[in-house]
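Chemist: Structure for this input, please:
(2 chains)
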Amino acid sequence: MTPGGIPAYLPERQRDTSLAAGGRLPPERVALVDLLDRLLAGGVVITGDIVLSIADIDLVRISLRALLGSVRGTEPFDPLGRPDAENGRYRPRQEGERG
Amino acid sequence: MSENHTDAPGQGVYLYAVTPGGEPPRDLRGVLDGPVRPLSHGGLVAHVSDVPLDRFGEEPLRRSLEDLDWVEGVARAHHRVVEALAAAGPTAPVRLVTVYTGEEQVRDLLDRRHDDFAEILSRVAGRREWGVKAYLRRQTPQPAPVPPATTTAGGDSPGMAYLRRKKENLRGREDLWRAAAERAEDLHAELGRFAVASLRHRPQDPQLSGRSEAMVLNGAYLVDPAREEEFAAVLGGFRDRFLDVELTGPWAPYSFTSVDLGAGRAGGVR
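Modeler: Coordinates of the predicted model:
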């Protein structure tokens, strides 16, 4: 699932000692799985009547569950499941959110 | 600027991120290669591009989301825009596929959520997100050596000896898991000491991560530049025969955009 077949972990090994010097990976080199962690469980969640119902997280969750479940043929993976919340500092759902 | 942009019928407005202003990067292209434009309102700037509703409406989206290639295309386009914005200044990315029916709704959003966005932006300003993933090494030796198969200590029958060994192996594996989980906890806590906020994403599915080893930590950390060296130095100390530790980033602050972030304490050191 890593683009270009380059394991995402290889370039980082040497970067630990100097993060600042490392710079950003080109966007296309970022592993999709790391990206989905952030794009599907992170980012500002905007809800309310004005949104065209697409910030509807359940929609994404259900669809990806179905997709990944069918890929694996086993227990569905839930990329959007609640991360280990730490004293409520991470809140996947926001006030007024439908769902 | 596109303050006079008129909403075309059948077009939706895809929102990528909100920034406090400043000169936006030029020639940004987003989803479906659409040009990204800034919408300024009330001291905030929303970065948007047009998308056709026949592809981004609820029903077509429901179908598209079952296509991982489609999801990847949108995710990478979204990420590319957010990256460019984050490289230029404080950026509050929004959740993947946030689509409005028109610009007026986006301005309304900037009105209603002004204080939330301002708070998020001040929290992430000048800081970068880093990801740290830890895997239990597959080659990890069992803690207790397995006795040779020919040994039948205590007069066990070969069958009994087999079952006993199997049980011991199982216990060894459970111990190993527990030890690895504790080690991951320690790693997360230690990294948190150098972060202003931290959280754990769910462990990644091997199908997507491409690694068969069990993931015991999938952490995200918001780090001040001044602490990055110390933060990075933690990793080496945890890379051993049990754990393999990977660093990803820097990321735009995707994982730290909840408005109640750090509500329990200032800074989220953990």
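
Chemist: Surely B:Lys166 forms part of a helix?
Modeler: Yes. Assessed with DSSP: H, G, I helix; E, B strand; the rest coil, B:Lys166 lies in a helix.

Chemist: which residues does it contact?
Modeler: Residues in contact with B:Lys166 (CB atoms under 8 Å, 6 or more residues apart in numbering or on different chains): none are found. For every residue, glycine as well, the C-beta is placed using N, CA and C.

Chemist: Please apply the same query to B:Leu222.
Modeler: So B:Leu222 contacts B:123-124, B:127-129, B:195-198, B:253, B:255-256, B:268 (CB under 8 Å, 6+ apart).

Chemist: Tabulate the CA atom coordinates of stretch B:211-221 in PDB.
Modeler: Provided in PDB are the C-alpha atoms of stretch B:211-221 (Å, rounded to 0.1, in the frame of the first residue of the first chain):
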ATOM      1  CA  ARG B 211       3.800  -5.000   7.600                       C
ATOM      2  CA  SER B 212       2.800  -8.300   9.200                       C
ATOM      3  CA  GLU B 213       4.200  -7.500  12.700                       C
ATOM      4  CA  ALA B 214       1.700  -6.500  15.300                       C
ATOM      5  CA  MET B 215       1.600  -2.700  15.800                       C
ATOM      6  CA  VAL B 216       1.700  -1.800  19.500                       C
ATOM      7  CA  LEU B 217       1.800   1.900  19.200                       C
ATOM      8  CA  ASN B 218       0.400   4.300  16.600                       C
ATOM      9  CA  GLY B 219       1.000   7.700  18.200                       C
ATOM     10  CA  ALA B 220       0.700  11.300  17.100                       C
ATOM     11  CA  TYR B 221       2.500  14.100  18.800                       C
END
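
Chemist: Low-confidence stretches in the chain?
Modeler: I went with chain A, as the question did not name one. The model of chain A has pLDDT under 70 over residues A:1-28, A:47-99.

Chemist: Hmm, no, I was thinking of chain B.
Modeler: Using pLDDT under 70, the flagged stretches of chain B are B:1-8, B:139-155, B:259-270.

Chemist: Show me it divided up by domain.
Modeler: B:11-124, B:128-256 (automatic domain parsing).

Chemist: most packed of these?
Modeler: domain B:11-124 (a mean of 19; mean count of other CB atoms under 10 Å in any protein chain shown).

Chemist: Ignoring the adjacent residues along the chain, who's closest to B:Pro206?
Modeler: The shortest distance from B:Pro206 to any non-neighbouring residue, by CB to CB, 6 or more residues apart in numbering or on different chains, is to B:Ser212 (5.4 Å).

Chemist: Where does the one you found sit: helix, strand or coil?
Modeler: Following three-state DSSP, B:Ser212 is assigned to coil.
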